[in-house]
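> This is a predicted model, with the sequence first.
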Amino acid sequence: MSAATTQTAIERLHREEWGRIQATLIRVLGGDFDLAEDVAQEAFAAALEQWPESGTPANPRAWIIQTARHKAVDRLRRRASFEEKRRALVELAVSEAAPSDGDRDDDAPAAGSPMADDRLRLLFTCCHPALALEAQVALTLRTLCGLTTEEIARAFLLPAPTLAQRLVRAKHKIREARIPYQVPAAELLDERLAAVMTVVYLVFNEGYAATAGEALVRRELCTEAIRLGRLLETLLPAPAAEPTALVALMLLSDARRDARVTPDGDLVLLEDQDRTRWDAAQIAAGLERVERALRAGPPGPYALQAAIAGLHARAARAEDTDWPQIAALYALLVAIHPSPIVELNRAVAVAMADGPARGLLLLDALDAAGELAGYHLLHAARADLYRRLGRTGEAQASYRQALALTQNEPERRFLQRRLDQLA
């Protein structure tokens with residue numbers, strides 16, 4: 001295998017397995033986030049040096065974890081607090097005859113319980129109520145999903161140094177408050193579940209439409225979010241509608257993944273997608289969950305969003321989409337879970353159901369509130385409605401605003417094409 005091919009394989013391993021590796025290392029290092037990240041990075045650096053000559057090991061993830069463990073042992077031996085870390089060292093120095101965490105399948109937790117999953121424990125640790133929601137999301141994206149500080153800062157519309165300080169404070173609080181690295185007891189799940197679901201969905205959204213970069217979709221983030229969502233479904237002692245609805249929403253959205261971009265990586269709008277490329281198995285699994293969630297009682301925010309995704313999934317052609325029903329569901333969502341993003345989506349649905357002029361009125365009201373002034377999709381939606389109304393000059397100005405705000409290359413190319421068509 002060539003050096004270039006080996007480097008590509010290592011980069012893919014880093015992208016797809018970072019969260020799994022971090023979760024295992026943080027557990028065996030007694031919750032030391034910084035040490036786990038440092039030694040994991042050192043292990044990947046060692047792989048870049050060694051694998052081109054020695055060859056890729058049979059179990060690359062296990063190699064990274066074991067190498068990181070050895071590096072952690074070296075660091076711990078050099079620390080003045082060696083005695084305090086003796087317990088971690090004992091666990092690190094496992095017998096070579098025993099299978100390593102990298103060799104076992106931690107997607108199949110002991111005794112069939114999702115509580116044994118390292119990544120689920122890490123997720124609940126990152127989402128402890130002692131941390132602010134933004135810190136919960138940022139720490140999860142950094143630790144579990146491997147996003148860089150710069151990528152997370154762009155998602156939060158913050159300077160990278162500010163975001164870095166928030167991450168430092170969050171990890172310090174976990175350490176100082178001795179927040180346990182575990183899934184909480186059943187009686188505490190309810191108060192933690194909402195935050196955890198929010199973070200899982202935000203992770204999915206970053207994968208579904210990346211904030212920045214060359215790719216529209218980050219498949220590994222979508223896959224990890226769906227996997228965590230499925231674990232949450234089985235976590236509660238009794239079936240719960242909202243975790244089920246969350247999984248339904250992610251499955252139905254992710255089912256469109258292959259149709260959302262051209263072979264060249266360009267964005268394809270929902271109305272223009274080849275629906276034969278949608279994943280029928282994921283749609284069936286999602287629709288079954290939607291029905292289950294809606295039968296469970298008054299719908300929550302995820303159930304309403306899943307119902308909307310279900311209406312899109314059932315439409316064999318774009319023109320078959322039940323836009324009046326989608327607009328009505330968004331109105332319900334605004335009533336129980338108001339947010340500027342929901343209002344924006346409702347405006348787009350109203351425009352499709354009742355015409356662009358009606359949708360534009362809602363966008364004007366949203367724009368006047370000023371909460372989405374820096375959000376490129378508000379300006380892109382406005383540009384599209386101006387375009388459909390034949391108001392070319394205003395459409396051009398809005399496309400330029402959207403272009404100035406987006407950092408995702410497929411979205412930039414799409415907006416530029418629309419702008420060029422109006423020239």
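Cool, the structure landed.
> ok, and what's touching stretch 2-13?
With contact meaning C-beta atoms under 8 Å, 6 or more residues apart in numbering, stretch 2-13 is reached by 1, 44, 47-48, 51-52, 56, 60-61, 64. Backbone N, C-alpha and C define where each C-beta goes, glycine included.
> From the chain's centroid, how far away is it?
Put simply, stretch 2-13 sits 24 Å off its chain's centre (C-alpha atoms, centre = their mean, to the nearest Å).
> just stretch 39-47 next, same as before
24 Å.
> pLDDT on that stretch, on average?
For stretch 39-47, the mean pLDDT works out to 92.
> go on, stretch 398-416?
When pLDDT is averaged over stretch 398-416, the result is 95.
> now the end-to-end length of it.
One end of stretch 398-416 sits 11 Å from the other (C-alpha to C-alpha, to the nearest Å).
> Which of the residues in stretch 192-200 are classified as buried?
Going by neighbour count (16 or more other C-beta atoms under 10 Å), the buried part of stretch 192-200 is 192-193, 195-200.
> Show me these that map onto helices.
Residues from the buried residues of stretch 192-200 lying in helices, with DSSP state H as the criterion: 192-193, 195-200.
> So which of those residues sits lowest on pLDDT?
Comparing those by pLDDT, Arg192 comes last, at 79.
> For that one, which residues are in contact?
So Arg192 contacts 124, 127-129, 184 (C-beta under 8 Å, 6+ apart).
> If we use 7 Å, what do you get?
Arg192 makes contact with 124, 127, 129, 184, according to C-beta atoms under 7 Å, 6 or more residues apart in numbering.
> can you list the residues you listed in a markdown table and add secondary structure and neighbour count?
Output for these, formatted as a markdown table (DSSP: H, G, I helix; E, B strand; the rest coil; neighbours: other C-beta atoms under 10 Å):
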| residue | secondary structure | neighbour count |
| --- | --- | --- |
| Phe124 | helix | 25 |
| Cys127 | coil | 23 |
| Pro129 | coil | 14 |
| Pro184 | coil | 18 |
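> Show me which of the contacts of stretch 2-13 is closest to Leu385.
Closest to Leu385 out of these is Phe44 (46.6 Å), distances taken as C-beta to C-beta.
> in whichever strand or helix holds the closest one, what counts as buried?
Using DSSP states H and E, Phe44 sits in helix 33-54. Neighbour counts over helix 33-54 (16+ other C-beta under 10 Å) mark 33, 35-40, 42-44, 46-47, 51-52 as buried.
> helices or strands up against it?
Helices and strands touching helix 33-54, by 3 or more C-beta pairs under 7 Å, 6 or more residues apart in numbering; DSSP states H and E, are helix 3-28, helix 60-78, helix 160-176.
> Contacts for it next, please.
Contacts for helix 33-54 (C-beta under 7 Å, 6+ apart): 3, 6-7, 10, 14, 21-22, 25-26, 29, 64, 67-68, 71-72, 75, 143, 171, 174.
> For ChimeraX, what selects the buried ones among these?
ChimeraX command restricting those to the buried ones, with burial defined by 16+ other C-beta under 10 Å:
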select :6,10,14,21,22,25,26,29,64,67,68,71,72,75,143,171,174
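> farthest-separated two in the contacts of stretch 2-13?
Pro52 and Arg61, at 18.4 Å, using C-beta to C-beta across the contacts of stretch 2-13.
> Out of the contacts of Arg192, which one has the lowest pLDDT?
Lowest in pLDDT among these is Pro184, which has 79.
> Please save the CA atoms from stretch 54-70 in CSV.
Provided in CSV are the C-alpha atoms of stretch 54-70 (Å, rounded to 0.1, in the frame of the first residue of the first chain):
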residue,chain,number,x,y,z
SER,A,54,5.0,-1.7,8.6
GLY,A,55,1.6,-1.9,6.9
THR,A,56,-1.9,-1.3,8.2
PRO,A,57,-2.7,-3.5,11.2
ALA,A,58,-5.5,-6.0,11.0
ASN,A,59,-7.5,-4.0,13.5
PRO,A,60,-6.5,-0.3,13.0
ARG,A,61,-8.8,1.0,15.8
ALA,A,62,-7.4,-1.5,18.3
TRP,A,63,-3.9,-0.4,17.3
ILE,A,64,-4.7,3.2,17.9
ILE,A,65,-6.3,2.6,21.3
GLN,A,66,-3.4,0.3,22.5
THR,A,67,-0.8,2.8,21.3
ALA,A,68,-2.7,5.6,23.0
ARG,A,69,-2.8,3.6,26.2
HIS,A,70,1.0,3.1,26.2
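> which stretches of the stretch 151-300 of the chain have low pLDDT?
For the stretch 151-300 of the chain, residues meeting the criterion pLDDT under 70 lie at 155, 157, 237-239.
> quick revisit: distance to Gly310 for the contacts of Arg192 - can I get that in CSV?
What follows is the contacts of Arg192, written out as CSV (distance: C-beta to C-beta, whole Å):
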residue, distance to Gly310
Phe124, 29
Cys127, 27
Pro129, 32
Pro184, 31
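> Out of those residues, which is nearest to His312?
When the contacts of Arg192 are compared for distance to His312 (C-beta to C-beta), Cys127 wins out at 29.2 Å.
> in a helix, that's where Pro57 is, yeah?
No - going by DSSP: H, G, I helix; E, B strand; the rest coil, the assignment for Pro57 is coil, not a helix.
> What is the burial count for it?
The number of residues packed near Pro57 is 16, by other C-beta atoms under 10 Å.
> Quick check: it touching Gln66?
No - applying C-beta atoms under 7 Å, one finds Pro57 not in contact with Gln66, separated by 9.5 Å.
> OK, contacts around Ala225?
200, 203-204, 207, 250.
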